[in-house]
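Visitor: The following comprises the amino acid sequence and a computationally predicted model.
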Amino acid sequence: MSAHTIKSRRDTFMANPHKALWTLSVPVMVGMIVQTVYSIADMIFIGRISPEAIAAMAFNVPLVFFSIGITFGLGSGVTALIARFIGADDKQQAENTAEHGLVLGSGIGIVFTIAGLIFGDAILSGIGCPPELMADATGYFRIIAIGFVFTIAAVFLRSIFTGEGDTKTPMIFQAIGTVLNIILDPIFIFWLDMGVQGAALATILSQFFVTLALIYTMLVQKKSYLQFNFRVFQFNTYIIKEVLRIGIPASLSMIIMSSGAALFNFILIYFSPSAVAAFQVASRLDQLYFLPILSIGGGMVTLVGMFYGAKRLDLIYDIIKYGLSRSILIGVVSGVIFYIIAPYVFPVFSPDIEIQQIATQYIRVMTFVYPLISVGMISGRSMQGLGAGMPQLMITAIRVALVSGPLAYVFTFYMDKPMIWVWYALAISVVAAAGTGSLWLRHRLHLTRDQFQHDTQINQNGIPDKLAPQQTR
């Protein structure tokens, strides 16, 4: 991709931000749809083993989410910074940021693989996995841990492509990897009789393919706009500080969500293993709502970052308003549809009547707050594009650590409420998070406006305004 092409793309995005949002979001959405299809198929395959198999995998979810969550958080920092430099027409610093991202991703992947293999069994026991589920739970996690290095590297590679405005390339490879995963699942789970370990092996093999494909495209075929020359790589403290400043709060928010998932498993196992399994089954339907919102959120990071780098406050306001309105609409429509179809969907995942009933109960509570989930998620991602990672962390902390988790715990163990009150706790937390996110976004936009006005005054006085110190490569 030539410099002229990327400049044309940037100018096109600025000329029609609404179209640009869908240009960025739709490929990601397609990739997520394919990934969700895999996730649903995976749950169906595992559900045919036993309800206990679903519950065993459920105890792995917080651990996997913890590792991938940290990666996505730091990857979003890489995306936002690359987009900002491209918006400022600074290809040199954008490439240096991408190189730092590759180094960071490789290091984190190796560390997490080693840590997972050493401490995985003890952590599963520590978060409340019952003895009867430990064999399946630990068997699944050991294989997943081996593949962390590939999964984490793939996330950082996708973040680099997204930062330069190319969401189509990683979507294509992710889709192929997901189809490969679906093909391998029944072979390993049933034909080779590996059970839940077969599902884990299919996952890491597909991620291995995605990682190799992205590396080949970027480093060998050189089809990305950003090119890499590690022979002249220079460590830049500004880039690291900015990636960490934006990414660490996002990573911490993922850690909080991971801890929240572990807490809810602990609470739900109090009712029954079927309750834990139902929560996982219901989350697969939730994903169908989340995937367009997450896709729009990813596009918002890139576009807001570009417009921020170009100092176009008018475009920042316009795209945030547009992204919020469309995400809320998706939340309303999804909520109505899911409320109606829930009882007819869950028998596909499990023949267990109790699991079906609990999953339906969960969905029919949460669909009422889908539009507010949209507000919280888009607000947080927009502020990441503005270079602020802390708001997303605080929004998540309010929702998980300060509201839903403590409320669910109190409702269950102190007030002896029925299980539906666990879902009420989640819904209440969404209201609190959405209110916080919308108010914080308004405040951040006011600060951005003041900053741009200040920078304009400085430039008028003849003092250059730069995003970061320049360096020779």
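Guide: Noted; the coordinates are in hand.
Visitor: So the spatially most central residue of the chain: helix, strand or coil?
Guide: The chain has residue 72 as the residue nearest its centroid, 5.8 Å off, counting by CA atoms, centre = their mean. At residue 72, secondary structure determined by DSSP: H, G, I helix; E, B strand; the rest coil is helix.
Visitor: what's the distance between it and residue 179?
Guide: 22 Å (CB to CB, to the nearest Å). Where C-beta positions appear, they are placed from N, C-alpha and C, glycine not excepted.
Visitor: Check residue 359 too.
Guide: Counting by CB to CB - residue 359 and residue 179 are separated by 26 Å.
Visitor: These two: which is more packed in?
Guide: Applying other CB atoms under 10 Å to residue 359 and residue 179 shows that residue 359 carries more neighbours, namely 29 against 14.
Visitor: Give me the below-cutoff pLDDT ranges for the chain.
Guide: 1-10, 35-36, 38-39, 230, 232, 258, 458-473 (pLDDT under 70).
Visitor: Now for it: which helix has the highest residue count?
Guide: The single longest helix within the chain, with elements called by DSSP state H, is helix 420-460.
Visitor: tell me what it is packed against?
Guide: Here helix 420-460 touches helix 237-269, helix 313-345, helix 353-366, helix 370-385, helix 390-396, helix 405-409, going by 3 or more CB pairs under 8 Å, 6 or more residues apart in numbering; DSSP states H and E.
Visitor: To what extent is the nearest residue to residue 371 once chain neighbours are set aside buried, counted in neighbours?
Guide: Excluding its sequence neighbours, the residue lying closest to residue 371 (CB to CB, 6 or more residues apart in numbering) is residue 331, at 3.7 Å. Residue 331 has 22 neighbouring residues, counting by other CB under 10 Å.
Visitor: Could you measure from the residue nearest to the centre of the chain over to residue 151?
Guide: 11 Å.
Visitor: which neighbours do the two share?
Guide: Common neighbours of residue 72 and residue 151, using CB atoms under 8 Å, 6 or more residues apart in numbering, do not exist here.
Visitor: so who does the residue nearest to residue 371 touch?
Guide: 289, 293, 370, 371, 372, 373, 374.
Visitor: For residue 234, which three-state class applies?
Guide: When the rule is three-state DSSP, residue 234 gets the label coil.
Visitor: contacting residues around residue 103?
Guide: Applying CB under 8 Å, 6+ apart, the residues contacting residue 103 are residue 233.
Visitor: State the distance from it to residue 281.
Guide: 39 Å.
Visitor: now swap in residue 57 and tell me
Guide: 11 Å.
Visitor: neighbour count winner among the two?
Guide: Higher neighbour count among residue 57 and residue 281: residue 281, with 30 against 27, using other CB under 10 Å.
Visitor: I'd assumed residue 51 was in contact with that one.
Guide: No - counting by CB atoms under 8 Å, residue 281 sits too far from residue 51 to count as a contact (9.6 Å).
Visitor: where do the contact lists of those two overlap?
Guide: In contact with both residue 281 and residue 51: 350, 355, using CB under 8 Å, 6+ apart.
Visitor: Give me the residues contacting stretch 393-411.
Guide: 249-250, 252-254, 256-257, 259-260, 263-264, 267, 376, 379-380, 417, 421-422, 424-426, 428-430, 432-433, 436-437, 440.
Visitor: Would you mind giving me the ChimeraX syntax to select the buried ones in those?
Guide: The command below creates a ChimeraX selection of those among the contacts of stretch 393-411 that count as buried (16 or more other CB atoms under 10 Å):
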select :249,250,252,253,254,256,257,259,260,263,264,267,376,379,380,421,422,425,426,428,429,430,432,433,436,437,440
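Visitor: sorry, back to before: the residue nearest to the centre of the chain and residue 297: what is the separation?
Guide: 11 Å.
Visitor: just residue 277 next, same as before
Guide: With CB to CB as the criterion, residue 277 and residue 297 are 29 Å apart.
Visitor: And the two? Which one has more around it.
Guide: Per other CB under 10 Å, whichever of residue 277 and residue 297 has more neighbours is residue 277, with 30 against 25.
Visitor: ok, now which ones touch that one?
Guide: Counting by CB under 8 Å, 6+ apart, residue 277 has contacts 51, 54, 55, 58, 350, 352, 355.
Visitor: Look up the closest residue to it, ignoring the ones flanking it.
Guide: residue 54 (4.0 Å).
Visitor: That neighbour: neighbour count?
Guide: Neighbours of residue 54 using other CB under 10 Å come to 27.
Visitor: where's it relative to residue 441, distance?
Guide: With CB to CB as the criterion, residue 54 and residue 441 are 38 Å apart.
Visitor: what's the neighbour count on the closest residue to residue 355 other than its chain neighbours?
Guide: Leaving aside its sequence neighbours, residue 355 sits nearest to residue 278 (CB to CB, 6+ apart; 4.5 Å). Applying other CB under 10 Å, we find 31 residues neighbouring residue 278.
Visitor: check which helix or strand covers residue 278.
Guide: helix 273-309 (DSSP states H and E).
Visitor: tell me the angle that helix makes with helix 370-385.
Guide: Angle of helix 273-309 versus helix 370-385, following axes from the mean of the first three to the mean of the last three CA atoms, to 10 degrees, is 40 degrees.
Visitor: How far off centre is helix 273-309?
Guide: Chain-centre distance of helix 273-309: 7 Å, with CA atoms, centre = their mean, to the nearest Å.
Visitor: and that helix with helix 353-366, angle?
Guide: Going by the same axes, to 10 degrees, helix 273-309 makes 30 degrees with helix 353-366.
Visitor: on that earlier part again, residue 17: which of the contacts of residue 277 is nearest?
Guide: Among the contacts of residue 277, residue 58 lies closest to residue 17 (CB to CB), at 40.1 Å.
Visitor: Enumerate every residue touching the closest residue to the closest one other than its chain neighbours.
Guide: Once flanking residues are discounted, residue 58 sits nearest to residue 280: 4.4 Å by CB to CB, 6+ apart. Listed by CB under 8 Å, 6+ apart, the contact partners of residue 280 are 43, 54, 55, 57, 58, 61.
Visitor: now those residues in TSV, with distance to residue 131?
Guide: Shown next, in TSV, are the contacts of residue 280 (distance: CB to CB, whole Å):
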residue	distance to residue 131
43	24
54	17
55	13
57	16
58	16
61	19
